[in-house]
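J.: What shape does this take:
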Amino acid sequence: MLYGSAHGVDGSRHTTVSQNSPGVPGAAEVGDLFGGEVFLSDLNGDKKADLTVGAVYEDGGNGALTILPSDGTRLTTTGSRFLSPPAVGISTAGAPQLGSIMAG
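T.: You can find the predicted model right below:
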């Protein structure tokens, strides 16, 4: 992740996040494509941009979403969540690839 502002990207501030990062739910598996799709949006109404990360091929193509909240200064793993198709009421028949397309 790169941080920035209306003035541009701050190349001196960056963070790498994977499914093996402390506090990130789940575990990295070959071919998950964690981060294949990402989206910043205020998910909880606190006026801070939270990061939604897609893992398109999680569990053989079912896909998954990982939510990393913002503390107002940076994204954090504190309070992060993992959402799979069954957790949000989506059938896994036909490999739904949850998190493959995100738009706001």
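J.: Residue 3 belongs to a strand, doesn't it?
T.: Yes - Residue 3 sits within a strand when classified using DSSP: H, G, I helix; E, B strand; the rest coil.
J.: secondary structure class for residue 46?
T.: Quick answer, by three-state DSSP: residue 46 is coil.
J.: burial count for it?
T.: Using other CB atoms under 10 Å, residue 46 has 12 neighbouring residues. Bear in mind the C-beta positions are built from the backbone N, C-alpha and C, glycine included.
J.: How about the one 5 residues further on?
T.: The criterion is other CB under 10 Å. On that basis, residue 51 has 20 neighbouring residues.
J.: wait, is it part of a helix?
T.: No - counting by three-state DSSP, residue 51 is located in no helix; its state is strand.
J.: partner residues bridging it?
T.: residue 40, residue 68 (DSSP bridges).
J.: Can you check what pLDDT the model gives it?
T.: The per-residue pLDDT reported for residue 51 equals 94.
J.: And for residue 27?
T.: 88.
J.: Then residue 13?
T.: pLDDT at residue 13 comes out at 74.
J.: Next up, the contacts around it.
T.: 2-3 (CB atoms under 8 Å, 6 or more residues apart in numbering).
J.: mind running it again at 10 Å?
T.: 1-4, 74 (CB atoms under 10 Å, 6 or more residues apart in numbering).
J.: okay, the residues you listed in TSV with distance to residue 51 and neighbour count next?
T.: Compiled in TSV, these are given as follows (distance: CB to CB, whole Å; neighbours: other CB atoms under 10 Å):
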residue	distance to residue 51	neighbour count
1	7	15
2	12	10
3	12	14
4	14	10
74	10	11
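J.: just these now: which is nearest residue 24?
T.: Nearest to residue 24 out of those is residue 1 (CB to CB; 12.3 Å).
J.: The closest one and residue 77 touch, don't they?
T.: No - counting by CB atoms under 10 Å, residue 1 does not reach residue 77; the two are 11.8 Å apart.
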